[in-house]
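> Everything below, folded, please.
(2 chains)
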There are 2 protein chains.
Amino acid sequence: MRIGHQSLKFKSQPKIIASSAVVGPFEGAGELANDFDIVHDDIWLGQNSFEKAEKKLLEEACDTAIKKSNIKKEDINFFVSGDLMNQIISSSFTARTLAIPYFGVFGACSSSMEGLALASILVESGAADYVVAGACSHNASAEKQYRYPTEYGGQKPPTAQWTVTGAGAGIIARNGAGPKVTSATIGKVVDMGLSDPFNMGSAMAPAAVDTLEAHFRDLEIQPDYYDFIATGDLGAVGHKIAWDLLEKHGVNMPPDIFNDCGLMIYKPTQPVFSGGSGCGCSAAVTYGHIMKRIRNGELKKVLIVATGALLSPMSYQQKESIPCIAHAVSIEM
Amino acid sequence: MRIGHQSLKFKSQPKIIASSAVVGPFEGAGELANDFDIVHDDIWLGQNSFEKAEKKLLEEACDTAIKKSNIKKEDINFFVSGDLMNQIISSSFTARTLAIPYFGVFGACSSSMEGLALASILVESGAADYVVAGACSHNASAEKQYRYPTEYGGQKPPTAQWTVTGAGAGIIARNGAGPKVTSATIGKVVDMGLSDPFNMGSAMAPAAVDTLEAHFRDLEIQPDYYDFIATGDLGAVGHKIAWDLLEKHGVNMPPDIFNDCGLMIYKPTQPVFSGGSGCGCSAAVTYGHIMKRIRNGELKKVLIVATGALLSPMSYQQKESIPCIAHAVSIEM
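Residues are numbered from 1 along each chain as shown, chains lettered A, B, ... in the order given. Here you go, the predicted model:
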């Protein structure tokens, strides 16, 4: 299965037989509103805490994906999920609801593709026939935990990003129809010494480039192998840096195929600073928007490079720099 | 690879070609002191924060295991690790030091066996030739994050447990000599409605029993197949409950083979309330003590059932009950 140093090529080509994305009102007012299965008009989702609202996003995304797959929940072998909450409680509480054997993962905003890569390994290896992979985030729960409660009204610099209120889930299967997971590149931690939590795009860009270069090297392909390459959530600032780094390293990236989930999800008129972020960003854009474009034939070969800033508020307070990581998964039809 | 509903049987029998355990002074004064590779006499490990001390425990455990394996670090494909810190910073910062492609996992104190199970899947599937699996915890960093800083001197009930200051790591390989990973059972989240973070053994016991029963059922074996079965960190209170539940469910567990890592690591005279806990508990006991007993021929078939309480301080404050999980891995010589 392994190809090169840090990539995997899936011979069995695990199928994403169903997927789902559930988002909040701000994302519902965004660029991709029509590609999400459920758009809530209440950021509380009727819950009495933002944490419970976040869990509900993920539960709904998993439920909807399972229903769309026509697979019985009892036939699903594993649930692989992660999120940004301390102790990934959104995923663990969803695992309790689903009652499916559970692998909790954490790669910050790269959790979406860490989960999809692991789900594909489980299917490819014969460990599973069906796996649910998911990830989620909620703007208000993330702000509260990582920065300040939104009610506080703290000011932010233009390099800051807007955590997506959303969840995405996919059903990865050994047999069935749907977009195929063809390869994955597992990232190394890259840390360029940046420590500003209001500028995570800049911190994560080198990790995205490191994984992209490893992917092309390991698979012996060029970027133009793909119709579309999306980084996870670098935003405008980080995406520009990734561009510059790729150019500097001599990677020939066609401008028209390279985008970022954090730049795609909102309208330019929405006040999201540098762009979207959070586990729910790449998860909702991939399992909602990109799957739809693959299924309707618009895209044939896609690479998602989800990026994660592996800091905690504690490590930031202790003056640590921000370790970053990116995991890439290719999906083809 | 899958056998039954939630278990995996590894045909290639991935080998644990080297392992290492690193602990603090309190564990060095415990029952298993001679089985650890490094015993620190300073809980700070010369660092200026407990969080950095915890990271150093894991770095040393990984380094020592890699050295003992005689494998070059560059030849190791993946690092799989988890810990109790918010955003598993101990593991992520260690991944930065190791510069090995990294899967961050979180299963609270079950992270040790979640990691070993995933490492074995990676090796069995051909995704990796060599994987480092690790886990760690530090008493003072855990107390500070989950309860009160130790300096505060908060009182605890006798059902509380003592977080182990320790780390364990193993090198899982496709080829080589050493104890073999023969099977794994991935746990479901079990939540009996308990919500007292000072009595996690009681909360986790039903999860341990659920995974044990699934393991015996899936593999069609009886408990006496094993020489030794250790739960992760139920402590005295939780272990007694697990006993009672197993008996009630008609599982014929021989008394002399069933123990708990949290009961094994400290001396009865040490003031650890109900026993040891933390990711470092099952990790250090497994990769230090149990590996030693397997290597010297004393034990031939061992099952480790690491248990995790998937709560966060936030979910506790919001009156949520404690979702628990247990992952079992069998190791044979």
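> need the residues of the stretch 101-250 of chain A near chain B, please.
Within the stretch 101-250 of chain A, the positions lying close to chain B (C-beta under 8 Å from any C-beta of the partner chain) are A:101-108, A:114, A:118, A:121-122, A:124-129, A:145, A:186-189, A:191. C-beta here means a position set from N, CA and C on the backbone, and glycine is covered the same way.
> What mean pLDDT does the strand or helix carrying residue A:63 get?
Counting by DSSP states H and E, the element that carries residue A:63 is helix A:50-69. Helix A:50-69 carries an average pLDDT of 98.
> chain center to it, what's the gap?
Centroid separation between helix A:50-69 and its chain, computed with C-alpha atoms, centre = their mean, to the nearest Å, is 15 Å.
> counting contacts, what elements does that helix pack onto?
strand A:15-23, strand A:78-83, helix A:89-98, strand A:130-137, helix A:139-146, strand A:166-173 (3 or more C-beta pairs under 8 Å, 6 or more residues apart in numbering or on different chains; DSSP states H and E).
> what do you get if the cut-off is 7 Å, keeping everything else the same?
For helix A:50-69, the packing partners by 3 or more C-beta pairs under 7 Å, 6 or more residues apart in numbering or on different chains; DSSP states H and E come out as strand A:15-23, helix A:89-98, strand A:130-137, helix A:139-146, strand A:166-173.
> Skip the chain neighbours and tell me the closest residue to the residue of the stretch 1-150 of chain A found nearest chain B.
Closest residue of the stretch 1-150 of chain A to chain B, C-beta to the nearest C-beta: residue A:125 (3.4 Å). For residue A:125, ignoring the flanking residues on the chain, the nearest one in space by C-beta to C-beta, 6 or more residues apart in numbering or on different chains is residue B:125 at 3.4 Å.
> if I look at that neighbour, how far off is residue B:103?
13 Å (C-beta to C-beta, to the nearest Å).
> The two: which is more packed in?
residue B:103 (29 against 20; other C-beta atoms under 10 Å in any protein chain shown).
> pretty sure the residue nearest to residue A:125 contacts residue A:123?
No: assessed by C-beta atoms under 7 Å, residue B:125 is found out of contact with residue A:123, at 10.0 Å.
> Using the three-state scheme, assign the residue most central in space within chain A.
Geometric centre of chain A, nearest residue: residue A:282, 3.1 Å, by C-alpha atoms, centre = their mean. Counting by DSSP: H, G, I helix; E, B strand; the rest coil, the backbone at residue A:282 sits in helix.
> Output the host helix or strand of residue A:207 as CSV - backbone C-alpha positions only.
If you go by DSSP H and E, residue A:207 is part of helix A:200-219. The C-alpha coordinates for helix A:200-219 follow below in CSV (Å, rounded to 0.1, in the frame of the first residue of the first chain):
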residue,chain,number,x,y,z
MET,A,200,-2.5,30.5,11.5
GLY,A,201,-2.6,30.5,7.7
SER,A,202,1.0,31.7,7.6
ALA,A,203,2.0,29.1,10.2
MET,A,204,0.2,26.3,8.3
ALA,A,205,1.3,27.2,4.7
PRO,A,206,4.7,25.5,4.9
ALA,A,207,3.1,22.3,6.2
ALA,A,208,0.7,22.3,3.3
VAL,A,209,3.6,22.8,0.8
ASP,A,210,5.7,20.0,2.6
THR,A,211,2.8,17.5,2.2
LEU,A,212,2.0,18.6,-1.4
GLU,A,213,5.7,18.2,-2.4
ALA,A,214,5.8,14.8,-0.7
HIS,A,215,2.6,13.7,-2.5
PHE,A,216,3.9,14.6,-6.0
ARG,A,217,7.3,13.1,-5.2
ASP,A,218,6.0,9.8,-3.7
LEU,A,219,3.4,9.3,-6.4
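> Next secondary structure after it?
Downstream of helix A:200-219, the next assigned helix or strand under DSSP H and E is strand A:228-231.
> Contacts made by that next one with the rest, please.
Contact partners of strand A:228-231, identified using C-beta atoms under 7 Å, 6 or more residues apart in numbering or on different chains, comprise A:208, A:223, A:239, A:242, A:257-261, A:290, A:299, A:302-305, A:307.
> Kindly indicate the member of those residues with the most neighbours.
Of the contacts of strand A:228-231, with other C-beta under 10 Å as the count, residue A:307 tops at 37 neighbours.
> Against chain B, how distant is that one?
14 Å (C-beta to the nearest C-beta, to the nearest Å).
> Look up which residues are beta-bridged to that residue.
Beta-bridge partners recorded for residue A:307 (DSSP bridges): residue A:326.
> quick one: contacts for it?
Residue A:307 neighbours (C-beta under 7 Å, 6+ apart): A:109, A:110, A:204, A:207, A:208, A:231, A:232, A:233, A:234, A:324, A:326.
> Kindly report the same for residue A:80.
A:103, A:105, A:115, A:118, A:119, A:131, A:133.
> Now with 10 Å, please.
A:91, A:95, A:100-105, A:111, A:114-122, A:128, A:131-135, A:172, B:105, B:118 (C-beta atoms under 10 Å, 6 or more residues apart in numbering or on different chains).
> just residue A:58 next, same as before
Contact partners of residue A:58, counting by C-beta under 10 Å, 6+ apart, are A:22, A:81, A:83, A:90-91, A:93-95, A:97-98, A:134-138, A:166-169, A:279-280, A:283.
> How about residue A:235?
A:158-162, A:199-202, A:204-205, A:260-263, A:272-277, A:281.
> again, only using 7 Å
A:161, A:201, A:260, A:262, A:263, A:274, A:275, A:277.
> Let me know the distance separating it from residue A:151.
For residue A:235, the distance to residue A:151 (C-beta to C-beta) stands at 24 Å.
> Okay, and residue A:330 sits in which element?
strand A:324-332.
> what about that strand, average pLDDT?
98.
> just stretch A:242-252 next, same as before
97.
> contacts for that stretch?
A:205, A:206, A:208, A:209, A:212, A:213, A:216, A:222, A:223, A:231, A:234, A:253.
> what comes up buried for it?
A:242, A:243, A:245, A:246, A:251 (16 or more other C-beta atoms under 10 Å in any protein chain shown).
> For PyMOL, write the select line for the buried members of the contacts of residue A:58.
With 16+ other C-beta under 10 Å as the criterion, this PyMOL line picks the buried residues out of those:
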select buried, chain A and resi 22+81+83+90+91+93+94+95+97+98+134+135+136+137+138+166+167+168+169+279+280+283
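> mind checking pLDDT for residue A:147?
We have a pLDDT of 85 for residue A:147.
> do residue A:319 as well
92.
> what about it, how many neighbours?
Residue A:319 - counted by other C-beta under 10 Å - has 8 other residues nearby.
> next one: residue A:180
17.
> tell me the phi and psi of it?
phi -110, psi 140 (degrees, to the nearest 10).
> which residues touch it?
Taking C-beta under 7 Å, 6+ apart as the test, what residue A:180 contacts is A:13, A:14, A:15, A:331, A:332.
> Dig out what it forms beta bridges with.
residue A:15, residue A:332.
> Distance check, it against residue A:12.
Taking C-beta to C-beta, one finds residue A:180 at 9 Å from residue A:12.
> returning to what we had before: narrow the contacts of residue A:180 to those that are buried.
Using 16+ other C-beta under 10 Å, the buried ones in the contacts of residue A:180 are A:13, A:14, A:15, A:331, A:332.
> okay if I get the residues you listed as JSON lines plus distance to residue B:53?
JSON lines is the format used below for the buried ones among the contacts of residue A:180 (distance: C-beta to C-beta, whole Å):
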{"residue": "A:13", "distance to residue B:53": "45"}
{"residue": "A:14", "distance to residue B:53": "41"}
{"residue": "A:15", "distance to residue B:53": "46"}
{"residue": "A:331", "distance to residue B:53": "42"}
{"residue": "A:332", "distance to residue B:53": "46"}
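> Great, nothing more from me.
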